[in-house]
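Asker: below is the structure, and that's it, no one-letter string:
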């Protein structure tokens with residue numbers, strides 16, 4: 001059967017060709033402890049992603065092949081450069097908060113893939129929200145922002161935390177007055193906007209200009225996507241293959257930023273329980289959005305924990321094991337007739353990954 005062909009059961013033929021039937025067979029057929037023949041996978045994973053075995057994608061999913069992250073565009077004019085400098089300073093300035101205690105960078109730290117390392121975001125006066133800080137690498141490319149998609153632009157996203165009483169606990173008026181009191185900001189404003197006084201949409205656009213240039217650090221995964229799969233060790237290569245096939249990850253995590261920027265219910269809304277969070281539904285009140293959350297980018301995912309919208313998973317292995325179990329039954333949907341019961345996405349299914357396959361998949365995630 002030729003590479004890229006599909007077996008009668010719908011599984012790509014490559015998976016059959018490169019996996020041994022049993023551990024005993026694997027031991028005598030140049031396979032590793034997982035039962036996969038790495039030499040076979042290396043033969044198939046040559047060149048760029050378009051030349052690799054086709055991923056397993058559910059019918060109707062508008063997926064995109066893995067691709068390099070688009071580079072940030074450098075400022076084209078002196079005014080754009082000044083706006084970027086101003087936005088970078090404002091992003092890191094706690095003076096925008098009500099008491100000068102927290103900044104955007106408090107919850108979005110570069111060393112943590114622009115999260116904060118906490119299960120739930122903590123704002124001014126140590127008040128805690130009900131969702132964790134989201135990574136920002138996909139933000140420049142996402143049509144809707146925040147876990148629930150309530151912001152339609154980076155400027156709107158920048159405004160939200162400033163006015164949120166659980167986050168920066170301030171107002172645009174107070175933030176504007178603070179900015180006007182900083183002489184350096186007025187100098188940059190003159191260069192960026194032609195006036196030392198800034199309207200709210202101008203200084204918010206400056207913050208957005210900083211977020212637009214955020215990109216993940218280059219890793220072995222980027223080298224592989226560029227065509228050098230020899231940059232991956234055996235476990236990472238197997239993890240890549242599982243990510244594309246048996247683990248079904250690419251139904252939601254694909255393209256350059258490894259996110260579809262859509263909203264899915266993976267079964268973690270805790271419906272009917274104390275920690276209930278109905279996700280996008282709480283913004284739209286559309287029953288189709290019950291329990292759905294925006295798919296996060298997996299770029300830099302190893303540095304972005306703890307994971308999920310509620311920070312419930314402290315390690316990547318635990319996440320993969322829960323996906324392996326089909327996310328279990330975290331909803332009350334099977335025991336209630338409530339019409340507002342969230343319905344888990346059909347993309348979430350039991351995976352039957354072995355322990356060795358789980359380790360390999362984590363190894364791939366760790367280099368994204």
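Answerer: Yes, it's here. Please read all numbers here as calculations on a predicted model, not as lab measurements.
Asker: wait, residue 193 sits on residue 79?
Answerer: Yes. With contact defined as Cβ atoms under 8 Å, residue 193 reaches residue 79; the gap is 7.5 Å. All C-beta spots, glycine's among them, are computed from the backbone N, C-alpha and C.
Asker: quick one, which of those two is more surrounded?
Answerer: Taking other Cβ atoms under 10 Å, residue 193 and residue 79 do not tie; residue 193 has more neighbours (19 against 14).
Asker: tell me who's in contact with that one.
Answerer: 79, 83, 202 (Cβ atoms under 8 Å, 6 or more residues apart in numbering).
Asker: got JSON lines for those residues, with pLDDT and distance to residue 126 too?
Answerer: Shown next, in JSON lines, are those (pLDDT from 0 to 100; distance: Cβ to Cβ, whole Å):
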{"residue": "79", "pLDDT": "97", "distance to residue 126": "39"}
{"residue": "83", "pLDDT": "97", "distance to residue 126": "33"}
{"residue": "202", "pLDDT": "97", "distance to residue 126": "32"}
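Asker: out of the residues you listed, who's nearest residue 62?
Answerer: Nearest to residue 62, judged by Cβ to Cβ, of the contacts of residue 193 is residue 83 at 34.1 Å.
Asker: could you look up the SS state of the closest one?
Answerer: Here residue 83 is helix, with the state taken from DSSP: H, G, I helix; E, B strand; the rest coil.
Asker: I'd say it and residue 212 touch.
Answerer: No. Contact criterion Cβ under 8 Å: residue 83 and residue 212 do not qualify, at 10.4 Å.
Asker: compare neighbour counts for the two and give me the winner.
Answerer: residue 83 (25 against 17).
Asker: ok, for that one, nearest residue in space, not its chain neighbours?
Answerer: For residue 83, ignoring the flanking residues on the chain, the nearest one in space by Cβ to Cβ, 6 or more residues apart in numbering is residue 192 at 4.0 Å.
Asker: just residue 108 next, same as before
Answerer: Here the residue nearest residue 108, using Cβ to Cβ, 6+ apart, is residue 114, at 4.1 Å.
Asker: just curious, which of the contacts of residue 193 is nearest to residue 100?
Answerer: Using Cβ to Cβ, those come closest to residue 100 at residue 202, 21.8 Å.
Asker: A strand includes that closest one, no?
Answerer: No. Read with three-state DSSP, residue 202 is helix and lies in no strand.
Asker: residues in contact with it?
Answerer: 189, 192, 193.
Asker: which of these lies closest to residue 166?
Answerer: Residue 166 lies nearest to residue 189 out of the contacts of residue 202, by Cβ to Cβ, at 29.4 Å.
Asker: hmm, back to that, now tabulate the contacts of residue 202 in TSV and tack on secondary structure, distance to residue 228 and pLDDT.
Answerer: Shown next, in TSV, are the contacts of residue 202 (DSSP: H, G, I helix; E, B strand; the rest coil; distance: Cβ to Cβ, whole Å; pLDDT from 0 to 100):
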residue	secondary structure	distance to residue 228	pLDDT
189	helix	45	96
192	helix	40	97
193	helix	44	96
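Asker: any chance of CSV for those residues, columns distance to residue 166?
Answerer: Supplementary listing: those in CSV, determined by distance: Cβ to Cβ, whole Å:
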residue, distance to residue 166
189, 29
192, 31
193, 31
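Asker: so which of the residues you listed comes closest to residue 327?
Answerer: Among the contacts of residue 202, residue 192 lies closest to residue 327 (Cβ to Cβ), at 46.4 Å.
Asker: next up, the contacts around the closest one.
Answerer: If you count contacts by Cβ under 8 Å, 6+ apart, residue 192 has them with 79, 80, 82, 83, 86, 202, 206.
Asker: if I look at it, how far off is residue 211?
Answerer: 16 Å (Cβ to Cβ, to the nearest Å).
Asker: likewise residue 225?
Answerer: 23 Å.
Asker: check residue 183 too.
Answerer: On the measure of Cβ to Cβ, residue 183 and residue 211 end up 25 Å apart.
Asker: who's more crowded, these two?
Answerer: Under the neighbour definition other Cβ under 10 Å, residue 183 and residue 211 were set side by side, and residue 211 has more, 22 against 9.
Asker: quickly note the distance from the more buried one to residue 37.
Answerer: 44 Å.
Asker: same check, this time on residue 277
Answerer: 43 Å.
Asker: could I get the full set of helices for the stretch 1-150 of the chain?
Answerer: 13-18, 23-27, 38-44, 78-91, 104-107 (DSSP state H, counting those that start in this stretch).
Asker: for these, which one sits closest to residue 220?
Answerer: helix 38-44 (14.4 Å).
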